[in-house]
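In: Could you look at this predicted model? Sequence included:
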Amino acid sequence: HSRGPCPNSSPGPSVADELTGARSRRAAAAPLGPSEQSITTAGGRVPRAVRVRAARVWTVSLWSVVVDDAELRSRVSQLRGEGKSPKQIARALGVAPSIVAPLVRAAAAQARASAGPPPVVGCWVSAGWSRGIAVDPSRGWVDTAPSTEGAEELAGGLVSVLVARRHRWDRVSVCGYLVDVYCLGVKNASGPDIKTEVALSRFVPEYYAAYPAGGQDAPIDLAADIVFGAVGYARSLGFEPHPDFAQSAGHLGAWTGSSAITFGRNGKPFYQSGPYDNPHKIIETLESTVGPSPAYDYLVANRM
């Protein structure tokens, strides 16, 4: 979490502040001409000629800062792209490392933004993910778990999705999503969590241990369609995704918003209560958005 500035603190100097200060200090240290020195020492006051000269120096200095700031950013980005360290860049440009450091960080942030999300290291969905929902066959997505009698009831329309992206050369960033494809959308989300690849290899089977057929490898577009598509379907029924979904959604990458999946069990909302649900409130919401049963189906473990 980022921290805001302390109430009584002032913001730190910008690059322009640093450069302006350096130039004004050099201007102040510059020797005056003989006539200026004699006039100054004679009366003890700075004469008008000297004040005009200082004003001109200050105006030129400010204009130089604007130009130099843009040029400096460009040069820093260029040298950083050549693999030079911040200290090497500072030496090459003849400026203080404290001026270069924030520009290096800004260049890195801009490069990350333009490069898009890091590459996908692995993507998985729970086997049996397609039970009860209709999927466009032209997409070629495969469900490795055969549909057997009673399997749909065991799965309950719940699909687990896991996405791992490269974090550093020896680390991965992992996000997980528990998705109700029949009604509620994203019921839970986790991450990004940073793991080694060895830890990830142990985590994947643990993550899918509750599913009879475990997990299966999946393309990232299938994962995005399941998650984002279910979020859109749930919103049409009046349900928002889990609050933690906002910080993990980026791991799924870009999505066009046109789903190849028809959500709901056999095309109709089906609510199956979970341990942390408020069944009465959920059914009230369904009544208001789609109308009374049989416009939707539900299965509640205990009487409300």
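Out: Happy to help now that I have it.
In: Skipping its backbone neighbours, what lies nearest the residue most central in space within the chain in space?
Out: When CA atoms, centre = their mean is applied to the chain, the residue found nearest the centroid is Gly250 (5.2 Å). Leaving aside its chain neighbours, Gly250 sits nearest to Pro117 (6.4 Å; criterion: CB to CB, 6 or more residues apart in numbering). No exception for glycine: its C-beta is placed from N, CA and C like everyone else's.
In: List the residues that contact the one you found.
Out: Contact analysis of Pro117 by CB atoms under 8 Å, 6 or more residues apart in numbering lists Arg165, Gly250, His251, Gly253.
In: Filter these down to the buried ones.
Out: Arg165, His251, Gly253 (16 or more other CB atoms under 10 Å).
In: my guess is the last one meets Ala224, correct?
Out: By that I understand Gly253. Yes - using CB atoms under 8 Å as the test, Gly253 is close enough to Ala224 to be in contact (6.1 Å).
In: can you pull the buried residues of the helix or strand Ser201 falls within?
Out: Following DSSP states H and E, one finds Ser201 within helix 197-207. Under the neighbour-count criterion of 16+ other CB under 10 Å, helix 197-207 has Leu200, Phe203, Val204, Tyr207 buried.
In: closest to Val142 among those?
Out: The shortest gap between Val142 and any of the buried residues of helix 197-207 belongs to Val204, at 18.0 Å (CB to CB).
In: Please look at the closest one and Val125 and confirm they touch.
Out: No - Val204 is not in contact with Val125 according to CB under 8 Å; the separation is 11.5 Å.
In: any chance of the buried residues of helix 197-207 in CSV, with pLDDT too?
Out: As requested, these are exported to CSV (pLDDT from 0 to 100):
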residue, pLDDT
Leu200, 97
Phe203, 98
Val204, 98
Tyr207, 97
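In: of these, closest to Tyr177?
Out: Using CB to CB, Tyr207 comes nearest to Tyr177 of these, at 10.9 Å.
In: Who are the contact partners of the residue lying closest to Thr285 once chain neighbours are set aside?
Out: Nearest residue to Thr285, sequence neighbours excluded (CB to CB, 6+ apart): Gly238, at 4.3 Å. The contact partners of Gly238, taken as CB under 8 Å, 6+ apart, are Thr285, Leu286, Ser288, Thr289.
In: Kindly export the helix or strand hosting the first one (C-alpha atoms) in CSV.
Out: I take that to be Thr285. Using DSSP H and E, the element containing Thr285 is helix 279-290. In CSV, the C-alpha atoms belonging to helix 279-290 read as follows (Å, rounded to 0.1, in the frame of the first residue of the first chain):
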residue,chain,number,x,y,z
PRO,A,279,-29.4,-17.1,0.6
HIS,A,280,-32.4,-14.9,1.5
LYS,A,281,-30.8,-11.8,0.0
ILE,A,282,-29.5,-13.6,-3.1
ILE,A,283,-32.9,-15.1,-3.9
GLU,A,284,-34.6,-11.7,-3.3
THR,A,285,-32.1,-10.2,-5.9
LEU,A,286,-32.9,-12.9,-8.4
GLU,A,287,-36.7,-12.3,-7.9
SER,A,288,-36.2,-8.7,-8.7
THR,A,289,-33.9,-9.2,-11.8
VAL,A,290,-35.3,-12.2,-13.5
